[in-house]
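Undergrad: model the following, please.
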Amino acid sequence: MAIRTTLKAISKRIVAALLATLLLALISLTVHALEDKEKIMPQEVTLQLGKKGPESFKQAGAIADHHTAGELVGFLDLNWPSKQLGAVTIRHSGHDLTIPHTFTAMGSVRSEPEGEGVNDIVLNSGISAGELIRHREAYDSWVKLMKRIQDSGWQRYIYLSSPRLTGKDAIRYFQGEENFGLGYITDPSAVPDFSTWYSVIMTQGMMIAKFYLDGVEISLSFNSTVKDQEDLDDINKTLSFKEWGQYMMRIEFNNLRMSMREQMYLTFLEGIHDEKLLSAKREDIANNMTQYWPRYRDIELAKRKKEEAMLVSKGYKIDEGYQDPDLLPYLQKEPKF
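TA: Here you go, the predicted model:
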């Protein structure tokens, strides 16, 4: 009788323990569900570079990552589910540019120099809401995007070392038949026909366009992620690669204040290995941009001159009217935004 009573008591305790465990599990699941619900990003967000950048990411619900790159760089991450892609508006200098169908947005904040905010924003986006798209529709969407970027106030941007080409010469260079341009678009307003565009994207795998607005560069990489019928079959076995494909974009908004300084450091610090000397030289460059910027320009323009001379010998016409933006005001000690 005593044993039966003891077993009954033990059974009650086990049942109570199981109920308590189930209750805790339900509470935990409820809490995690609420947390996940809170982590769902708003579908439409507006982000900015510079000093206003961190707050814009915070308002959008970004997750901060201070571990990946140690103390050098912190990352601000936004992610959207494939069923509800984001629409990201980049606001700069009074101009708004919205990129729909965005999977991820990441801003980087450097620890040095302190207080300069978000240095760059990288978007990974699709050209359409659907996973797959007809090649012709992808081309039409790409043409519209190029126009929309320019209509938003952004202008074509050519590196100091790159050739100044426009119109049919820009398209010839873009085709890369002579292994010059290899998909690099020097004049986004010169639109290649569909067959040329498709040939380049399939041969080179990607194409790159660059734009500029008040100290910021857009570098837009557009690539085909499906290379043949076998790749397409892994996604959808009912469609033909002759008609259908998959396209992705990586769009980088770079504060040229930071990226151009890094290029200058690479140029003027080459061969210096002593840490103290490197640090002193970097500070000297940063504090004396009026001296170093013209020197850097001359070095890069000499590279351009050499390549343009080669292209002229091949029958290309150089766009002498192109004006390089004046970056010196954005490289000075105090940031402009």
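Undergrad: please make it C-alpha for all contacts and neighbour counts, starting now.
TA: Will do.
Undergrad: which of the helices or strands spans Glu230?
TA: Using DSSP states H and E, Glu230 falls within helix 229-233.
Undergrad: any idea how far Gln332 is from Val143?
TA: Gln332 sits 36 Å away from Val143, going by C-alpha to C-alpha, to the nearest Å.
Undergrad: what's the answer for Arg164, then?
TA: Arg164 sits 21 Å away from Val143 when distances are taken as C-alpha to C-alpha.
Undergrad: now the helices for the stretch 1-150 of the chain?
TA: In the stretch 1-150 of the chain, the segments counted as helices under DSSP state H, counting those that start in this stretch are 2-39, 53-60, 135-151.
Undergrad: quick revisit: okay, Arg164 and Val143: which has more neighbours?
TA: Arg164 (25 against 17; other C-alpha atoms under 10 Å).
Undergrad: verify the stated contact: the more buried one with Ile158.
TA: Yes - using C-alpha atoms under 8 Å, Arg164 is in contact with Ile158, at 6.9 Å.
Undergrad: need the overlap of contacts for the two.
TA: Here Arg164 and Ile158 share the contacting residues Thr186, scored by C-alpha atoms under 8 Å, 6 or more residues apart in numbering.
Undergrad: where does the stretch 1-150 of the chain have low pLDDT?
TA: The stretch 1-150 of the chain contains residues with pLDDT under 70 at 1-40, 66-72.
Undergrad: if you set the cut-off to 50 instead, what comes out?
TA: Low-confidence segments of the stretch 1-150 of the chain, defined by pLDDT under 50: 1-38, 69.
Undergrad: following element in sequence after the helix or strand hosting Asp284, please.
TA: Taking DSSP H and E as the criterion, Asp284 maps to helix 275-287. Going down the chain from helix 275-287, the next helix or strand is helix 289-313, by DSSP H and E.
Undergrad: show me what stretch 50-68 is in contact with.
TA: With contacts defined as C-alpha under 8 Å, 6+ apart, stretch 50-68 is touched by 39, 41-42, 45-48, 73-78, 107, 115-119, 255, 337.
Undergrad: among these, which ones are in strands?
TA: Among the contacts of stretch 50-68, DSSP state E puts 45-48, 73-78, 107, 118-119, 255 in strands.
Undergrad: so who does Ile285 touch?
TA: Counting by C-alpha under 8 Å, 6+ apart, Ile285 makes contact with 265, 292.
Undergrad: likewise for Val143?
TA: Here Val143 is in contact with Val191 (criterion: C-alpha under 8 Å, 6+ apart).
Undergrad: skipping adjacent residues, who's closest to Ala105 in space?
TA: Spatially, and ignoring its direct neighbours in sequence, Ala105 is nearest to Leu123 (4.6 Å; C-alpha to C-alpha, 6 or more residues apart in numbering).
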